[in-house]
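S.K.: need the 3D shape of this:
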Amino acid sequence: MRVKKTFNKILIGLGFFAFFNPVLAKEKLVQSTWAAEPAKIDALEEEWSGVALTSEEGVGANLAFRNDADNLYILFIIKNKDFLSTLEATGMTIYYDNLGKKKKDYGLRFFRRQISPDEFMQIIERRGQALSEEQKEEIRSKPSYILYDGELIEKKKISPLDTPLAAGHKPPAFMYARKGETTVFEFRIPLSREIHPAGIGVAAGGTFKIGFEWGGLTKEMQAARLARAAAASERSAERETASEDHARGSETGGFATSSPSSGLSRTGPKRYSFWLDVKLASGL
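M.R.: Model (predicted):
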């Protein structure tokens, strides 16, 4: 009986440790620095001179955080192009949770796309900026535009970032540029959800969890791969049928051969992701 009681105490002790173990295994806590002036979202590192970078070697990324009372600014650098995967196609998704959990209920997907002049004007006007006829003519003078855009992810619902803002406030934004083997990204994300629905929901001085995700296959890429696999399988079946017909009709009794179906490759572009805890600067 004494042995059984001792064993039960051990189990209780192990259960107690197992319950608290996740708390001990937190993500890396990164300190954001105070931005005396709003950061320019131009994918240039010079503005970040003197700010310490946090390294995530497993995904080949170096990054840093700055904030003011209104926005979080992120510098994100990938020096090895192998870690880019399909980032240009999938964009960069940034998740954030103000309760410190690894939840993908809330976030922003940033991506670059080419649009027509008319679509460019529609987006500008939807976001609350009026265009004069002279400005419209100037926009129409170019055949297309590259738009650095984003969309809000809210509990698996996706919506465009077309919310007009009060004067003095800025929407989420990003920019990236390549310099040889290095790709530099810069992001701006509002802190307050009262000002913008894509806000993190944390005031300056607070702490939250942030996750980065990129690469892999988009839905369009997956559909294209499935279509190619189906076409390859159909061609292979046709060749197999033709080979069997030839074998049955051959007077020499030769062996019939067929090419195996190529199918869909089990491997594909790698998807990268990681999480951090960020402590915002208070500015005091």
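S.K.: how about the strands in this protein?
M.R.: Using DSSP state E, the strands of the chain run over 29-31, 33-34, 54-56, 61-67, 71-78, 92-97, 106-115, 145-154, 157-160, 173-179, 182-190, 207-215, 271-279.
S.K.: thought Phe185 was touching Ile41, still the case?
M.R.: No: look at Ile41 against Phe185 with C-beta atoms under 8 Å: they stay out of range, at 9.8 Å. Any C-beta I mention is one placed from the backbone N, CA and C, and that applies to glycine too.
S.K.: between these two, which contacts overlap?
M.R.: Shared contacts of Ile41 and Phe185 (C-beta atoms under 8 Å, 6 or more residues apart in numbering): Phe174, Met175.
S.K.: weakest of the strands of the chain in terms of mean pLDDT?
M.R.: The weakest mean pLDDT among the strands of the chain belongs to strand 157-160, with a mean of 88.
S.K.: is the residue nearest the centre of the chain in a bridge, and if so with what?
M.R.: For the chain, the residue nearest the mean C-alpha position is Thr93 (2.1 Å; C-alpha atoms, centre = their mean). Counting by DSSP bridges, Thr93 forms beta bridges with Arg109, Glu213.
S.K.: hmm, back to that, ranking the strands of the chain by burial, who's on top?
M.R.: strand 71-78 (a mean of 24; mean count of other C-beta atoms under 10 Å).
S.K.: and Phe185, how far from Ser132?
M.R.: 33 Å (C-beta to C-beta, to the nearest Å).
S.K.: could you list every residue that touches Ile77?
M.R.: By C-beta under 8 Å, 6+ apart, the neighbours of Ile77 are Glu45, Leu53, Ala61, Asn62, Leu63, Thr182, Thr183, Val184, Phe185.
S.K.: same deal with Gly215?
M.R.: Per C-beta under 8 Å, 6+ apart, neighbours of Gly215: Leu84, Ser85, Thr86, Leu87, Thr90, Pro269, Lys270, Arg271, Tyr272.
S.K.: looking at these, which are in helices?
M.R.: Leu87, Thr90 (DSSP state H).
S.K.: give me the ChimeraX select line for the contacts of Gly215, limited to the buried ones.
M.R.: The ChimeraX command for the buried members of the contacts of Gly215 (criterion: 16 or more other C-beta atoms under 10 Å) is given here:
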select :84,85,86,87,90,269,272
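S.K.: report the residue ranges of every domain in this protein.
M.R.: Residue ranges for the domains of the chain, per automatic domain parsing: 26-216+272-279, 218-268.
S.K.: what's the mean pLDDT across the shortest one?
M.R.: Along domain 218-268, the predicted local confidence has a mean pLDDT of 54.
S.K.: wait, which of the contacts of Gly215 is closest to Ala35?
M.R.: Nearest to Ala35 among these: Leu87, at 25.6 Å, using C-beta to C-beta.
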